[in-house]
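Peer 1: pasting the sequence and the predicted model now:
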Amino acid sequence: FNLAYTGALERYPNIRFILSHAGGTVPYLAWRFSLLWLREPDLMERAPKGGMHYLQQLYYDTALSANPHALRSLCELVGPEQILFGSDYPFAPEPIAGLTAAGVRSFDGFDSAAHESVERGNALGLFPRVASRLRTA
């Protein structure tokens with residue numbers, strides 16, 4: 001929230017921020033956060049597009065959040081093109097990382113193209129040098 005509230009996302013629109021753990025409470029609190037622009041008019045000077053706009057330009061990973069409730073909430077905020085697979089490995093040991101992968105694969109809110117994007121494609125789009133190295137490897 002601080003990135004949007006301070007105007008950093010407006011000043012640096014080309015930085016692609018990735019929030020871990022499906023953004024934590026961000027999807028749940030997004031609407032409430034956007035109300036700050038009504039309560040604090042000076043926010044329009046720092047961040048003129050409104051809170052929801054800035055939250056929707058961020059990227060979110062699935063680390064320790066690949067359950068239907070968290071993913072549905074996240075998908076209400078952003079589309080699958082803003083979601084990246086994240087396992088939280090090595091903090092989350094392999095069995096938990098495996099459950100995260102299974103949770104993403106079994107999520108019925110993604111069609112097959114969205115599954116591919118979340119599992120691999122979005123990350124390759126965000127990190128073109130990695131994508132290039134993988135193509136030449």
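Peer 2: Structure's in. What do you need?
Peer 1: which strand residues bridge residue 60?
Peer 2: residue 19, residue 83 (DSSP bridges).
Peer 1: residues contacting the residue nearest the centre of the chain?
Peer 2: A centroid search over the chain (C-alpha atoms, centre = their mean) returns residue 60, at 1.5 Å, as the residue closest to the centre. By C-beta atoms under 8 Å, 6 or more residues apart in numbering, the contact set of residue 60 is 18-19, 22-23, 26, 74, 77-78, 82-84. Where you see a C-beta, it was placed from the backbone N, CA and C, and this is true even at glycine.
Peer 1: any idea how far residue 75 is from it?
Peer 2: Applying C-beta to C-beta, to the nearest Å, the value for residue 60 to residue 75 is 10 Å.
Peer 1: between the two, what contacts are shared?
Peer 2: By C-beta under 8 Å, 6+ apart, the residues touching both residue 60 and residue 75 are residue 83.
Peer 1: what mean pLDDT does the helix or strand containing residue 37 get?
Peer 2: Using DSSP states H and E, residue 37 sits within helix 36-39. Averaging pLDDT along helix 36-39 gives 90.
Peer 1: so which bits of it are buried?
Peer 2: Neighbour-count burial for helix 36-39, counted by 16 or more other C-beta atoms under 10 Å, picks out residue 37.
Peer 1: for that helix, packing partners?
Peer 2: The contact analysis (3 or more C-beta pairs under 8 Å, 6 or more residues apart in numbering; DSSP states H and E) places helix 36-39 against helix 43-46.
Peer 1: hmm, who's touching the helix it packs on?
Peer 2: With contacts defined as C-beta under 8 Å, 6+ apart, helix 43-46 is touched by 5-7, 10, 36-37, 51.
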